[in-house]
Structure formats: C-alpha cells, structure tokens
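**Q** could you work out the structure for the sequence below:
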Amino acid sequence: MTQKQIRFEILSRVSELYEGPNLGPNSSSSGVNEQIGSAKSMVSHLATQDNGRRVRILLVDDQQANLVALEAVLKDLGQDLVRAKSGQEALRLLFDQDFAVILLDVRMPDMDGFETAELIRKRQKFRDTPIIFVTAADASSDQIVRGYRVGAVDFITKPIVPELLTAKVGTFLELYKRTEKLRESEERFRLLVESVKDYAIFMLGTDGQIVSWNFGAERISGYRQSEIVGKHVSVFYPAEDVQAGKPELGLKIAVAEGRFEGERWRIRKDGSRFWANVVITPVRDEQGNLRGFAKVIRDITQLKEAEQVLSELPARLLQSQDEERQRIAQELHDSTSPALAGVISRLYMLKDRAQHWETKATTAMQDCVALAENVAREIRNLSERLHSRALQQAGFVSAVRSHAELFGKQSGVRVELELPEASGRLPQNVEIALFRILQEVLPYIQLHSNRQLAVIRFSSTRQEHTLEISDRPWEMDITIPGPMERGKTGLEIRLAGPGERIKQLGGNLAISTRSGIFVRATMPVGSD
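**A** The predicted model follows:
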C-alpha cells in the first residue's frame, strides 16, 4: 500500500471515530473497537514507512503519572516524546525546539492549559501547531468553547482511550510531516531559483506586477529585490515597446496559448540595453484560475553578437579574397610585363637579323617569339581574371563589352550582347559579384555547349539589376530540380563561390543545364 493510500485510510478512520459514539472507559461496542483497531494498525504501518524520520511531540501535565501514561500510549508511533510538568516549562522548551503536536492538560497550577495555549499561539512559529487538550470527562461546554477559542484543535477526555489518542495524534503527525515535506520542497526550489545566476527567474501577478526576484534577475537587470518587487514588468521594456503595448501583449499571448517566447531588447537599471530571450508561462491553481505568471529571461547579447560576426564572416572572407586577388594581379602584371616586353623586343631584333641564318635557326627564332607573346598574353588574361582593370576603371557595362570581345576573339565563341547604351556605376561589390559570374560562365559555355554561342543580357530597374548568360538566343526554363533528384552539376560547383557572394548581398542566383546553359543573377538595388 502506498503512503498516499495509507494517509487516506487514516483520515477516513479518524473521521469515523469523530462521528461515532462517545467513547468511555467501559465502552464495549465491537464496531467501535474494530474502527479503533483499524486506525491504530494504519498509524503503526505509517510509522514504519517514514524512512526513520522522527519528530517531537510535547506532553504537558503537572502529574508525573499522567505523563508516563501518555508516553506508554504514544510510544508505538516511534516519535520523540518530550515532557513538560508546567506551562512555564512548556514555553521554555518551545524557544529552541520544534513540535509536531502538543498534548496539553487543562487543569494545572499557576498557569492552566488555556493560558498556556494562548501564550503559545502568540508566537508566530507555533500559530498552526496542533494543540490537543487533555481534560476530565466532566468538562463544561464553556471550557470546551474557551479551548477552541485559544487555538485547540481537539479535546481528549480522561480516562484516555489509548487507541483513540493514538489515532488522533497519528493523524496530526501525518499532516505535520506532509506539510514539512512541502515546505522543504518549496525551500529547496526557492534556493535553487535564487542561486541561478545566468537566468532571471521571477513571478508576476495577474496584472504584471513583479512579486518575486532571484539573484540572476538582479545580476542581469541591476535591480535589487527591494527596488523592483511591486513594480510593473514594463520597467524592462524600451519606451517604444511600452507605447505599443508589448508588455501586456506578451501576457495575453501566454494566457491564450499557454506560453509566450520571444527575443527583444530589454532595459537595465542603468539604462543600457541587452538582447533578451524571454519565456512567459501562466501559473494556474487546481481549478484552472490564473494566479500569475512565471517569467524567465536570458541575456543573449553575446550570442547575438557572435551570430552577427558569423553572418558577416563570409562577406569578410570574400572581401579579403578580392583584395588578395587584386594584390596578386597587380604584382603579377607589374613584375612580369616589363621583363616580357623587353624579351619580346629583343627577340624581334634577333628575328630581323635571322633572315641571313640557316633555316633551322630562323624557325627556332620565330617559335621563341610566338611563345613569348603567348606567355605575355596568358599572364595578361590571368591578371584580368584575378582583377579586372576595365571593371575598376570604366564600370560593369564597359567591362562586360571589353571582356566579351576579348573572349570571343580568343575562344572562337560567338558572343551576342544585349546591354544598355549607357549605364552608371553600380556599387563596387555588386559589380564584382556579377562580373565573377560572367568570368565563370563564359569558359563553361566554351567547353560544354555545342552551339558555341554566348548571349549576355543585362538590365536595371528601380528594384533590381539582372544579368543573364545563356547559349540560346531566347529565354530558357530555369526550373531547378530538387536536391534529392540529382547531385550538383559542374556549373553549380563552379559558381558556388560567386553564388555565395550574390547571397550575401541579398541577391539570387538561378542555374539550369537541363536543355542548354542558362544562368540568371539578380541583385536588389542598393545592395552593397
């Protein structure tokens, strides 16, 4: 049998005892004896199930024999029994000890039981401690009324029925232990909440007033408990959010949906802002009535800053890549061009004199000139691919024209241009991103298109810039198969870097190789 079932049985048995006939020393009712025996059995079973935890019971009587009799009756409960021979001695014991139940004799010299009970109840610590008066069977109704007025919870008449006393005291012991466990549980939870440093955990009333505070809340917000309890939760919100009704809206959503979570700016005591993750949960009683709200706030400012840095990292890497490409192109051009120009110049001088040489020497000289010119051309092309001087000096449209013309001459691919006659400069990052697309797609068309045709279109509206490159003179279907239908094509892999640049600038890149080659890059106006 579980402890919960045992408790229920005890309460049921004692309730039956209270409702049963008056029990005297000569009572012989078999039904009553059966009820008493059952209650005693349940109390004894409970004592064995309490894991050895003992509490104190205070026995107050001026007669030693009565104290001995009470101890003999209650020893089966397995608790600590403490004697007091007077009301004064009982009060002294209550100074430094806790008691679950007090059995108090009514008739005592100097200070009777009623006076003692009245003084006990004046102490905050013992306002709710059960006091059972032990009185003679001839107690008057006035005495009984007086006893209840000074705080008694029950009366036991002499001579005492042992089973009845055991059952009643056992019931109050169980209630005390259950209350203590609840209090200890609440205390542990309170200590846990108050010790949390990284989270602000506090309670709100139904109107949004702060009713509790923990150390984490003080650390995050800067408010001490004495400064903040009683204030409205809107004290943490920026003025614009308060005017917009955000504090009340969060509470309403929590009530309607059972939970509210969001991330917003919050205000500390010193006026500084922090980015907060906020969770609000409504607190209801057993009947479902709203009693308030539990609110948890976490300062995620550093996390947001880290996310911001990570989000900017690709753009910074791309910018560093551009700067490195420009440096390499500059050094490559500046360091090789003069030397190659000098070599080619001297080779031409030798070529003029080689007319009088033998045939093999003349042919070798002509080959050297061709090779030197080819190396110079490749270096110029490589330098241009790394960093276009035309793009830097004349802008995107002019750079497209010059690059397409040079590509057509060198590759044999026919290039058709549909470009605006005049176009202003675009933001530098946009020009670089679109030009990188052009540089990657044209060689791919040369290698993989049977038509050996490249159509380049560029247009600008008030909303976006659009660059299209295809091997068809008409617009193609660019429906992209899902990622589960196929792996990435070679063109998609080739455009991964430029595509990331487009994405970082808020644009979009569409690629299709299903029935030809088609690439479309769109960039919103104003992106940089």
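
**Q** quick one: neighbours of residue 352, just the number.
**A** Using other C-beta atoms under 10 Å, the number of residues around residue 352 comes to 9. Quick note: C-beta positions are derived from backbone N, CA and C, even for glycine.

**Q** roughly how far does it sit from residue 369?
**A** Per C-beta to C-beta, to the nearest Å, residue 352 is found 11 Å from residue 369.

**Q** can you check residue 490 too?
**A** Distance of residue 490 to residue 369, given as C-beta to C-beta: 37 Å.

**Q** again with residue 445
**A** From residue 445 to residue 369 the distance is 32 Å (C-beta to C-beta).

**Q** so those two - more neighbours on which side?
**A** More neighbours surround residue 445 than the other of residue 445 and residue 369, with 24 against 17 (other C-beta under 10 Å).

**Q** show me what the biggest helix by length in the chain is packed against.
**A** Scanning the chain for the helix with the most residues, using DSSP state H, yields helix 301-353. Under the contact criterion of 3 or more C-beta pairs under 8 Å, 6 or more residues apart in numbering; DSSP states H and E, helix 301-353 touches strand 273-284, helix 359-386, helix 496-504.

**Q** I'd like to know which of these lies nearest to residue 175.
**A** The closest of those to residue 175 is strand 273-284. By C-beta to C-beta, the value is 25.3 Å.

**Q** what's the very next helix or strand once past the closest one in contact with?
**A** Tracing the chain past strand 273-284, the next element assigned as helix or strand by DSSP states H and E is strand 290-299. For strand 290-299, the surrounding residues in contact (C-beta atoms under 8 Å, 6 or more residues apart in numbering) are 198-206, 208, 211, 217, 220, 233, 236, 251, 254-255, 266, 274-285.

**Q** what residue ranges in the stretch 201-350 of the chain score low on pLDDT?
**A** 311-315, 317-319, 321-322, 325-326, 329, 331, 333 (pLDDT under 70).

**Q** the same query, at a cut-off of 90, please.
**A** Confidence mapping of the stretch 201-350 of the chain against pLDDT under 90 gives the ranges 201-203, 212-220, 225, 264, 285-288, 298-350.

**Q** which residues in the stretch 351-500 of the chain form helices?
**A** With helices called from DSSP state H, counting those that start in this stretch, the stretch 351-500 of the chain shows them at 359-386, 389-394, 396-411, 428-448, 490-494, 496-504.

**Q** looking at these, which is nearest to residue 106?
**A** With C-beta to C-beta, the closest approach to residue 106 among the helices of the stretch 351-500 of the chain belongs to helix 496-504: 88.4 Å.

**Q** now that closest one: how far from the chain's centre is it?
**A** The chain centroid and the centroid of helix 496-504 are separated by 31 Å under C-alpha atoms, centre = their mean, to the nearest Å.

**Q** any idea of the mean pLDDT for it?
**A** In this model, helix 496-504 has an average pLDDT of 83.

**Q** so after it, what's the next helix or strand?
**A** Remark: after helix 496-504, the chain's next helix or strand is strand 508-512, criterion DSSP H and E.

**Q** circling back to that earlier point, the helices of the stretch 351-500 of the chain: which one's closest to residue 86?
**A** That would be, of these and by C-beta to C-beta, helix 496-504, which comes in at 87.7 Å.

**Q** run the angle between that closest one and strand 508-512 for me.
**A** For helix 496-504 against strand 508-512, the angle by axes from the mean of the first three to the mean of the last three C-alpha atoms, to 10 degrees is 140 degrees.

**Q** can you mark which positions in helix 496-504 are buried?
**A** For helix 496-504, burial by neighbour count (16 or more other C-beta atoms under 10 Å) applies to 498, 499, 500, 501, 502, 504.

**Q** likewise for stretch 288-296?
**A** For stretch 288-296, by 16+ other C-beta under 10 Å, it's 292, 293, 294, 295, 296.

**Q** now swap in stretch 60-78 and tell me
**A** So, applying 16+ other C-beta under 10 Å, buried residues of stretch 60-78: 60, 61, 62, 66, 67, 69, 70, 73, 74, 77, 78.

**Q** among these, which are in strands?
**A** residue 60 (DSSP state E).

**Q** quick one: which two of the buried residues of stretch 60-78 are the most distant?
**A** Largest separation among the buried residues of stretch 60-78 by C-beta to C-beta: 62 and 78, giving 26.7 Å.

**Q** can you tell me which of the buried residues of helix 496-504 is nearest residue 157?
**A** residue 504 (89.9 Å).

**Q** the closest one and residue 430: what is the separation?
**A** Computed as C-beta to C-beta, the residue 504 to residue 430 distance reads 11 Å.

**Q** any shared contact partners between those two?
**A** Taking C-beta under 8 Å, 6+ apart as the contact criterion, no residue touches both residue 504 and residue 430.

**Q** including distance to residue 134, could the buried residues of helix 496-504 go into a markdown table?
**A** Formatted as a markdown table, those follow (distance: C-beta to C-beta, whole Å):
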| residue | distance to residue 134 |
| --- | --- |
| 498 | 95 |
| 499 | 91 |
| 500 | 88 |
| 501 | 92 |
| 502 | 91 |
| 504 | 86 |
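
**Q** which residue is the nearest non-sequential neighbour of residue 513?
**A** residue 489 (5.1 Å; C-beta to C-beta, 6 or more residues apart in numbering).

**Q** tally of neighbours for that neighbour?
**A** Residue 489, neighbours per other C-beta under 10 Å, totals 17.

**Q** read off the pLDDT value for it.
**A** Residue 489 is given a pLDDT of 79.

**Q** one more: residue 466?
**A** With respect to pLDDT, residue 466 has a value of 92.

**Q** quick check: it touching residue 519?
**A** No - between residue 466 and residue 519 there is no contact under C-beta atoms under 8 Å: 11.2 Å.

**Q** the more surrounded of those two?
**A** Using other C-beta under 10 Å, the more surrounded residue of residue 466 and residue 519 is residue 519, with 26 against 17.

**Q** surely residue 201 is in a strand?
**A** Yes - using DSSP: H, G, I helix; E, B strand; the rest coil, the assignment for residue 201 is a strand.

**Q** contact partners for it?
**A** Counting by C-beta under 8 Å, 6+ apart, residue 201 has contacts 193, 214, 216, 217, 294, 295, 296.

**Q** 10 Å instead?
**A** Shown in contact with residue 201 (C-beta atoms under 10 Å, 6 or more residues apart in numbering): 192-194, 212-217, 279, 294-298.

**Q** repeat that for residue 499.
**A** Neighbour list for residue 499: 433, 436, 437, 440, 492, 507, 508, 509, 510, 511, 519, 521 [criterion: C-beta under 10 Å, 6+ apart].

**Q** list buried residues within the residues you listed.
**A** Buried members of the contacts of residue 499, counted by 16+ other C-beta under 10 Å: 433, 436, 437, 440, 492, 507, 509, 511, 519, 521.
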